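>>> The sequence and its predicted three-dimensional model are supplied below.
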Amino acid sequence: MNFAAARRNMVERQVIARGVTDPQVIAAMLEVPRHLFIEEALRAQAYGDAPLPIGQRQTISQPYMVASMTEALCLRRHDQVLEIGTGSGYQSAILAKIVRRVLTIERIPELARQARRVLDATGCGNVQIRVGDGTLGWPEEAPFDAIIVTAGAPTIPDEYRRQLAIGGRLVIPVGDRSSQMLLRVVRTGEANYREESLLGCRFVPLIGEHGWGNEGNGL
Ligand code: SAM
């Protein structure tokens, strides 16, 4: 299979044709080999228009969702970004190609270990991974220019608002356990935030102290 051609096709049909225009997002999606973030048996589907299983009952997000969430963060090269839900590491790699430093938190150690391996193999040394409860954020490293949450939350944890720099952007799916609305929150001042709804989405639940309980997940 010609992965580079499949990737170009993915970017043209699923990303650009659906309205993503940020050149740095398009360049990163063209560069990062998505098939390496997926187990070998599923690689032929790596550039399809869908999320895929990555083990531990978790998923790598649909390419279009990765592109639109990244675009919604309005990133600049010198930014420091916090991601919650490392999963396969693919979204972290996209961020790493655009910004100076990415910090990412994953609650499942096996996923964090596998993501570290692939991120190292794909030249993403500017990504730091922590295993733990991402609903607490990463207070020692705050403030963040952008925070991206790649699991669905019941409400917006206050920690994220507090850990945003002034001018910082938070993108987070909020709703019930199976479907959510993608929200963007911009910190416009010390105690001022502007919030807008972007699009409907379906993410696995954000599980933790300020998220959902882990009933039914067995993990
Ligand atoms: N960004 C990922 C990627 O590119 O593959 C997709 C992430 S997947 C949709 C959601 C991830 O969030 C899962 O790996 C899950 O274990 C993780 N997660 C859920 N709750 C979490 C929490 N409180 N802290 C950190 N990770 C969490």
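Good, I have the coordinates. Since the model is a prediction, treat every value here as computed from it, not as a measurement.
>>> Does the longest helix along the chain reach the ligand?
Of all segments of type helix in the chain, defined using DSSP state H, the longest is helix 109-121. Yes - against the ligand, helix 109-121 shows contacts by C-beta under 6 Å from any ligand atom at residue 111. C-betas here are computed from N, CA, C, even on glycine.
>>> Can you give me the buried ones in the helix or strand following that helix?
Next in sequence after helix 109-121, counting helices and strands by DSSP states H and E, comes strand 127-131. Buried positions in strand 127-131, judged by neighbour count with 16 or more other C-beta atoms under 10 Å: 127, 129-130.
>>> Can you give the strand pairings for strand 127-131, parallel or anti for each?
Using DSSP bridges, strand 127-131 pairs in its sheet with strand 101-106 (parallel).
>>> does any part of the partner strand sit near the ligand?
Yes - looking at strand 101-106 against the ligand by C-beta under 6 Å from any ligand atom, the contacts come from 105-106.
>>> Is stretch 23-36 in proximity to the ligand?
No - applying C-beta under 6 Å from any ligand atom, one finds stretch 23-36 separated from the ligand by no less than 9.2 Å.
>>> quick one on the thing from earlier: and the longest helix of the chain, what does it pack onto?
strand 52-55, helix 90-98, strand 101-106, strand 127-131 (3 or more C-beta pairs under 8 Å, 6 or more residues apart in numbering; DSSP states H and E).
>>> In JSON lines, list those along with mean pLDDT.
Shown next, in JSON lines, are the helices and strands packed on helix 109-121 (pLDDT from 0 to 100):
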{"stretch": "strand 52-55", "mean pLDDT": "97"}
{"stretch": "helix 90-98", "mean pLDDT": "98"}
{"stretch": "strand 101-106", "mean pLDDT": "98"}
{"stretch": "strand 127-131", "mean pLDDT": "98"}
